[in-house]
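**Q** Predicted model and sequence follow; I will ask about them next.
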Amino acid sequence: MLSFFRNRARKEPGWLAVLVGEDAIRFVHAERAPGGRVRVTLAGERSGVQDSAAARRVVRELDFSRYRATTLLAREEYQIIVTDAPNVPREELRAAIRWRVKDLLRCHPDDAMLDVLEIPPPTGGEGRPTHQMFVIAAENSFIQARVDRCAALGIELAVIEVPETAQRNLATAAHGDGTAVALIHLLADGALITISYRGELYFARWLDIGADQLALARPERESLMDRVALEVQRSLDHFDRQYRFIGLGKLLVGPLAADDGFTDHLARAVGIEVEPYPLAEVLGGLPEPLGEPGLQGRLFHLLGAALREETKVP
């Protein structure tokens, strides 16, 4: 969660998550209704916006200025590093974290923006004694490029998210029985596995096998699904070793344009219950145009970004 920008103007409740691509704009506005139910008021994608004028027309037509806006960084635009939490006062945390991870960054520390996400330590003396954190680092140039591109279209960003925090939000919205939940979502060129517990992210890992490979490699599809299942099981085992004090409830699979047996394959291969992500249940039905599975998949992380909740950052 890269909370670098603050828009103080009064906006409608909830968040608009928007992603401006080379030829399409994708967007989701969502808010949490009374009782915790998620309400989507706007969702979709508009293609044919290769030029800025066309993109600005979409922004004006849908009146994006009404909402607090966020966007998502692409996988290659940021790093997530797990490190032990420094034993320093809260007001010194960011400086201490920057020093701790400086040699792990892909750029000079002065050229990066950092945010931290705590992994809650165990209670009662169980499990890992070490208090750890996720450090999210993005080069200033990537952040500024996103801000400038959105601003040129009339979108004022208040915050920037990453897929890992989006999946945490989605897992939290779908699963509340007191156990941890794993969630895997296939993008075109990779898959993200996360494990969340009580609204906190505990584990995140990217795989290099994505939906495009599974769709095209028909003769090798079974082997590719075996590889994904193996890496998922390794991730679950790693989590179990690190956090024995947390029970792992189920594995959810994000929306796929064409499942073609992928979810069933995982269910046979891993040692916990596997289910498709219950999008209709989370949303209390599927508003248009979210009835189309392919679009569900393309908007899935944007929905997660739109479900962010305010937190105080030291």
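**A** Cool, the structure landed.
**Q** so when I look at C107, I'm seeing a strand, right?
**A** No. Judged by DSSP: H, G, I helix; E, B strand; the rest coil, C107 forms no part of a strand; its state is coil.
**Q** A229 should be in a strand, yeah?
**A** No. The assignment for A229 (three-state DSSP) gives helix, which keeps it out of a strand.
**Q** That one reaches V270, doesn't it?
**A** Yes. With contact defined as CB atoms under 8 Å, A229 counts as touching V270 (6.2 Å). The C-beta positions use only the backbone N, C-alpha and C, and glycine is treated the same way.
**Q** Ranking helices and strands of this protein by mean pLDDT, which lands last?
**A** In the chain, no helix or strand scores lower on mean pLDDT, DSSP states H and E than helix 211-216, which sits at a mean of 87.
**Q** How far away from the center of its chain is that helix?
**A** Offset of helix 211-216 from its chain centre (CA atoms, centre = their mean, to the nearest Å): 21 Å.
**Q** Which parts of the protein are helices?
**A** Here the chain has its helices, by DSSP state H, at 52-61, 93-101, 140-153, 163-174, 211-216, 221-242, 262-269, 279-283, 293-306.
**Q** As CSV, those helices with mean neighbour count would be great.
**A** Output for the helices of the chain, formatted as CSV (neighbours: other CB atoms under 10 Å):
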stretch, mean neighbour count
helix 52-61, 15
helix 93-101, 16
helix 140-153, 16
helix 163-174, 25
helix 211-216, 16
helix 221-242, 16
helix 262-269, 16
helix 279-283, 16
helix 293-306, 23
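**Q** Lowest mean pLDDT across those helices, which one is that?
**A** Least confident of the helices of the chain, judged by mean pLDDT, is helix 211-216 with a mean of 87.
**Q** What sits closest to E12 if chain neighbours are left out?
**A** Distance criterion CB to CB, 6 or more residues apart in numbering; nearest residue to E12, sequence neighbours excluded, is R66 at 5.1 Å.
**Q** Could you give the number of residues near the one you found?
**A** R66 has 12 neighbouring residues, counting by other CB atoms under 10 Å.
**Q** Am I right that it is in contact with K11?
**A** Yes. Between R66 and K11 there is a contact under CB under 8 Å: 6.5 Å.
**Q** now I246: how far from T83?
**A** As for I246, its distance to T83 is 20 Å (criterion: CB to CB, to the nearest Å).
**Q** quick one, which of those two is more surrounded?
**A** I246 (20 against 14).
**Q** do you know how far the residue of the chain most remote from its centre is from S235?
**A** Centroid-distance maximum for the chain: P219 at 31.3 Å, with CA atoms, centre = their mean. Distance from P219 to S235, counting by CB to CB: 27 Å.
**Q** Now F203: closest residue in space, sequence neighbours ignored.
**A** Using CB to CB, 6+ apart and skipping residues adjacent in sequence, the residue nearest F203 is I195, 4.0 Å away.
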